[in-house]
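Colleague: coords below, sequence missing:
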Ligand SMILES: [Zn+2]
């Protein structure tokens with residue numbers, strides 16, 4: 001479940017706007033979450049739940065620990081070196097594609113989250129964005 005959402009009544013679903021308690025600016029909740037729950041306009045610190053704090057401290061590399069006792073009884077097939085080599089050769093390009101796609105996806109999401117509030121507020125017009133993309137691209 002994304003940060004900032006919770007099951008139950010009156011929760012704020014991901015993708016909505018949040019009003020800053022200090023500066024009263026309207027902030028995209030995803031932008032607020034990505035800014036560690038600190039208002040990007042005035043620096044106000046929003047309250048974090050324990051789960052949100054843990055989520056902020058962990059990343060995609062964080063995993064649940066498996067003890068040796070639980071791990072040992074799991075049967076494992078160990079392939080021969082030629083099979084391993086063949087596997088690596090076939091899968092390496094796929095892994096590179098995954099990494100590239102994730103990078104591109106993050107960049108596009110960041111661009112969307114930067115531009116969307118500005119477009120909605122009227123701060124930017126589509127024409128400005130097209131010019132920006134032409135210059136960047
Ligand atoms: Zn604020």
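Modeller: Happy to help now that I have it. Note that this is a predicted model, so its numbers are computed, not measured. Numbering: from 1, shown residues only.
Colleague: Give me the contact list for the strand or helix carrying residue 130.
Modeller: Per DSSP states H and E: residue 130 is located in helix 126-136. Identification of contacts with helix 126-136 by C-beta atoms under 8 Å, 6 or more residues apart in numbering yields 115, 119. Quick note: C-beta positions are derived from backbone N, CA and C, even for glycine.
Colleague: What's the mean pLDDT across it?
Modeller: Averaged across helix 126-136, pLDDT comes to 82.
Colleague: Break the chain down into its structural domains.
Modeller: If you go by automatic domain parsing, the domain ranges for the chain are 14-77, 79-137.
Colleague: among the ones you listed, which is nearest the ion?
Modeller: Nearest to the ion, of all those, is domain 14-77, at 3.1 Å by C-beta to the ion.
Colleague: Could you list the contact residues of this protein toward the ion?
Modeller: 20, 22, 23, 39, 41, 42, 44 (C-beta under 5 Å from the ion).
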